[in-house]
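Enquirer: I need the structure of the sequence given here:
(one chain, ligands or ions: 4)
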Amino acid sequence: MKVQKVLLQSDVHSKSDKTPVTVADYGLFSNSTLHTLLSSQAIVSFVLVKELSTEPFSLVAEEDSGDLRMESGQETLHRITKLVNDTLVIEESYTVATLSSEDVLYAIDSGKSEGGSSGRHWVLDPIDGTKGFLRGDQYAIALALLDEGRVVLGVLACPNLPLASIGTNNKHSSEPSNEKVGCLFFAKVGEGTFMHSLDGSSPIKVHVSDIENPEEASFFESFEAAHTSHDLSSAIAKVKLGVKAPPIRIDSQAKYGALSRGDGAIYLRLPRKGYREKIWDHAAGSIVVTEAGGVVTDVAGNPLDFSKGEHLDRDTIIIVTNRKLMPSLLKAVRESIQEKVSPM
Ligand SMILES: Nc1ncnc2c1ncn2[C@@H]1O[C@H](COP(=O)(O)O)[C@@H](O)[C@H]1OP(=O)(O)O
Ligand SMILES: [Mg+2]
Ligand SMILES: [Mg+2]
Ligand SMILES: [Mg+2]
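Expert: Ligands and ions are numbered 1, 2, ... in the order given. Modelled structure (predicted):
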């Protein structure tokens with residue numbers, strides 16, 4: 001959050017489309033991003049190892065220390081180490097000793113497990129929705145626990161997600177947005193999904209929307225057209241289901257969080273051909289939604305399979321909604337795909 005604030009105060013963000021333009025802009029953006037995602041991975045990994053010292057530890061995480069071990073990476077490593085220590089200071093129980101650069105490298109590289117169908121594995125996306133982070137929009141820190149290939153626990157921190165609904169029905173776009181942001185969702189198998197504010201309000205139990213008529217539903221999709229087909233989702237939602245509201249396009253697993261509390265009723269992810277989704281992009285989000293009463297499936301109607309290592313199957317379409325809407329949504333997705341493949 002600290003790094004994003006600095007980014008947003010820089011000149012870069014005064015441009016209307018919030019995208020980097022000059023070489024210097026790109027430098028600032030990529031350095032800040034690198035610092036943030038590696039620090040996040042180091043902090044979560046360090047804390048997990050400390051808390052779980054009595055059991056075998058396996059972490060499947062997105063990032064690795066990469067060039068940080070080389071001469072050219074020393075300045076970056078130094079800054080990340082400072083960022084990690086400055087952050088851990090806030091939490092008194094972790095300030096026993098200052099972490100060295102070596103400790104930070106070790107923590108980052110503890111995330112090299114491949115996961116799989118046996119035993120327990122933590123799954124971490126230290127910054128999910130990197131593009132949203134850069135734009136000053138939505139991003140998430142997503143942590144899940146797999147047990148024998150099944151997600152049994154999920155935590156989703158969404159630092160920029162308003163505590164109030166972001167659903168199209170509740171939004172008054174003419175009003176200035178001074179709403180409070182920063183939500184944390186957590187779900188444990190069989191125990192439901194809870195949300196509280198990042199600054200620590202008491203948790204409330206959340207439920208997915210109970211809308212039955214698809215025309216009244218609003219739907220989420222990626223902000224980035226490279227991550228999902230906006231054309232296909234619009235064909236499914238507008239044409240097949242009669243959805244009236246425009247799509248809510250936001251980055252990251254904040255979509256799962258927002259859906260789990262009923263801000264919208266549908267999330268469609270229609271990746272480009274050949275793409276293999278990573279487990280850390282969906283593990284936490286999927287249990288947050290299912291424990292809130294929702295359903296997360298592929299196009300065959302099966303739950304996502306997190307037991308095959310780092311990836312889901314190639315070309316996995318992800319369909320998320322409540323139990324009542326799922327049959328018609330599945331039908332609409334299948335029909336639209338069929339029509340796209342073999343146009344009449
Ligand atoms: N070509 C791609 N197709 C689908 N997802 C992608 C692609 N490239 C990166 N991603 C990952 O998809 C997620 C973002 O999707 P969304 O559009 O829902 O925000 C991110 O986790 C991003 O990784 P990252 O964690 O590095 O940001
Ligand atoms: Mg991700
Ligand atoms: Mg990521
Ligand atoms: Mg990434």
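
Enquirer: What's the separation between the residue of the chain at minimum distance from ligand 1 and Ile108?
Expert: The nearest approach of the chain to ligand 1 comes at Ser222, 2.9 Å away (CB to the nearest ligand atom). To be clear about C-beta, it is placed using only N, CA and C from the backbone, and glycine gets the same treatment. The gap separating Ser222 from Ile108 is 27 Å, by CB to CB, to the nearest Å.

Enquirer: Let me see the backbone angles for Arg314.
Expert: Note on Arg314: backbone dihedrals following degrees, to the nearest 10 are phi -60, psi 150.

Enquirer: quick one, what contacts it?
Expert: Counting by CB atoms under 8 Å, 6 or more residues apart in numbering, Arg314 touches 274-276.

Enquirer: ok, and of those residues, which contact ligand 1?
Expert: When CB under 6 Å from any ligand atom is applied, the members of the contacts of Arg314 adjacent to ligand 1 are Tyr275.

Enquirer: In JSON lines, list the contacts of Arg314 along with neighbour count, secondary structure and pLDDT.
Expert: Below are the contacts of Arg314 laid out as JSON lines (neighbours: other CB atoms under 10 Å; DSSP: H, G, I helix; E, B strand; the rest coil; pLDDT from 0 to 100):
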{"residue": "Gly274", "neighbour count": "7", "secondary structure": "coil", "pLDDT": "94"}
{"residue": "Tyr275", "neighbour count": "15", "secondary structure": "coil", "pLDDT": "95"}
{"residue": "Arg276", "neighbour count": "12", "secondary structure": "strand", "pLDDT": "96"}
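
Enquirer: Of the contacts of Arg314, which is the nearest to Glu148?
Expert: Checking the contacts of Arg314 against Glu148 with CB to CB, the nearest one is Arg276 at 22.0 Å.

Enquirer: Could you pull up the contacting residues of the closest residue to the closest one other than its chain neighbours?
Expert: Ranked by CB to CB, 6 or more residues apart in numbering and with sequence neighbours excluded, the top spatial neighbour of Arg276 is His311, at 4.4 Å. His311 sits next to 276-279 when contact means CB under 8 Å, 6+ apart.

Enquirer: and if you look at Ile318?
Expert: 267-269, 277, 282, 296-298, 304.

Enquirer: swap in Leu124?
Expert: Per CB under 8 Å, 6+ apart, neighbours of Leu124: 41, 44-45, 59-62, 111, 142-144, 280.

Enquirer: Keep only those residues that also lie close to ligand 3.
Expert: Glu62 (CB under 5 Å from the ion).

Enquirer: any idea which of the contacts of Leu124 has the most stuff around it?
Expert: Ala142 (32 neighbours; other CB atoms under 10 Å).

Enquirer: residue contacts, it?
Expert: Taking CB under 8 Å, 6+ apart as the criterion, Ala142 is in contact with 124-125, 128, 154-157, 252-253, 280-281, 283-285.

Enquirer: So it lies in a helix, does it not?
Expert: No - in this structure, Ala142 is strand, not part of a helix, as judged by DSSP: H, G, I helix; E, B strand; the rest coil.

Enquirer: who does it bridge with?
Expert: Asp125, Leu156 (DSSP bridges).

Enquirer: Check it and give its pLDDT.
Expert: pLDDT for Ala142: 98.

Enquirer: Can you flag the buried ones in the contacts of Ile318?
Expert: 267-269, 277, 282, 296-298, 304 (16 or more other CB atoms under 10 Å).

Enquirer: TSV for these, including secondary structure and distance to Lys340?
Expert: Shown next, in TSV, are the buried ones among the contacts of Ile318 (DSSP: H, G, I helix; E, B strand; the rest coil; distance: CB to CB, whole Å):
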residue	secondary structure	distance to Lys340
Tyr267	strand	20
Leu268	strand	14
Arg269	strand	16
Glu277	strand	20
His282	coil	23
Val296	strand	23
Thr297	strand	19
Asp298	coil	17
Leu304	coil	22
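
Enquirer: quick one, strands of the stretch 1-150 of the chain?
Expert: With strands called from DSSP state E, counting those that start in this stretch, the stretch 1-150 of the chain shows them at 59-61, 120-128, 140-147, 150-162.

Enquirer: ok, so of the contacts of His311, who is nearest Tyr94?
Expert: Checking the contacts of His311 one by one against Tyr94 (CB to CB), the nearest turns out to be Ile279, at 27.1 Å.

Enquirer: how many neighbours does the residue nearest to the residue of the chain closest to ligand 1 when sequence neighbours are not counted have?
Expert: Once flanking residues are discounted, Ser222 sits nearest to Thr228: 4.4 Å by CB to CB, 6+ apart. The burial count assigned to Thr228 is 22, neighbours taken as other CB under 10 Å.

Enquirer: is it true that Thr228 touches Arg269?
Expert: Yes - contact criterion CB atoms under 8 Å: Thr228 and Arg269 qualify, at 5.2 Å.

Enquirer: overlap in contacts of those two?
Expert: When contacts are counted by CB under 8 Å, 6+ apart, Thr228 and Arg269 are jointly contacted by 221-222.
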